[in-house]
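[1] curious how this folds, go ahead:
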Amino acid sequence: MIAYTQNELVSATEVSKQFGEYISKVKNGLLDKIGVLKNNKLNAVIVSVEEYERMALAVRKLEDMELMQTVNERMQTPKEEYVEGKDVLKRLNLSLDD
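    Below is the predicted model of the structure:
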C-alpha cells in the first residue's frame, strides 16, 4: 500500500473546484501525487506525465523480464517432451484450415 501525506489526499469535490491548482502542484513537483477521495475512499491518483511514463516503462520492463523467465524455463524442456504444433491444434479442436 502506498502512503499518502495529509496534503496529498483531497476530496473529489475539492479537486473539481480547484483542478488547475492541483495539476500545477503535481506538474511543478510540489506534490508527488494526489489521492482523490470519494466517500472517504481512495478513488484515483493524479501524477505527473513524467511519473506516469516512468511507471509505465517499469511495468513494461517487468513484463519483459517475466516473459524472458518463461522463455528460459521453457528452453530447459527436454526435446522428448516437445509437442508438435498439429497435436496442440488437435487437442484444442482447432485447425489451420478454418
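[2] ok now stretch 25-34, how far from the chain's centre?
    On the basis of C-alpha atoms, centre = their mean, to the nearest Å, stretch 25-34 sits 20 Å off its chain's mean C-alpha point.
[3] can you check stretch 2-19 too?
    In terms of C-alpha atoms, centre = their mean, the centre of stretch 2-19 is set 22 Å apart from its chain centre.
[4] and for it, what's in contact with it?
    Applying C-beta atoms under 8 Å, 6 or more residues apart in numbering, the contact partners of stretch 2-19 are 22, 31-38, 42-43, 46. Glycine gets a C-beta too; all of them are placed from N, C-alpha and C.
[5] could you flag which of those are buried?
    22, 31, 33-37, 46 (16 or more other C-beta atoms under 10 Å).
[6] pull the most distant pair out of the contacts of stretch 2-19.
    Largest separation among the contacts of stretch 2-19 by C-beta to C-beta: Asp32 and Lys38, giving 20.7 Å.
[7] from Gln76, how far off is Val88?
    Per C-beta to C-beta, to the nearest Å, Val88 is found 19 Å from Gln76.
[8] do Tyr22 as well
    Going from Tyr22 to Gln76 by C-beta to C-beta gives 51 Å.
[9] about what we covered before: now, the contacts of stretch 2-19 that are in helices?
    Among the contacts of stretch 2-19, the residues falling in helices (DSSP state H) are Tyr22.
[10] the closest residue to Val36 other than its chain neighbours - how many residues pack around it?
    Nearest non-adjacent residue to Val36, counting by C-beta to C-beta, 6 or more residues apart in numbering: Ala44, 4.3 Å away. Neighbours of Ala44 under the rule other C-beta atoms under 10 Å: 11.
[11] just the C-alphas of the least confident helix or strand in the chain by mean pLDDT, formatted as CSV.
    Least confident helix or strand, the chain: helix 85-91 with a mean of 91, by mean pLDDT, DSSP states H and E. Written as CSV, here are the backbone C-alpha positions of helix 85-91 (Å, rounded to 0.1, in the frame of the first residue of the first chain):
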residue,chain,number,x,y,z
GLY,A,85,2.0,-27.9,-33.4
LYS,A,86,-0.5,-30.1,-35.2
ASP,A,87,-1.0,-32.1,-31.9
VAL,A,88,-1.6,-28.8,-30.0
LEU,A,89,-4.2,-27.8,-32.6
LYS,A,90,-5.9,-31.2,-32.3
ARG,A,91,-6.1,-31.0,-28.5
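[12] that concludes my questions; thank you for your assistance.
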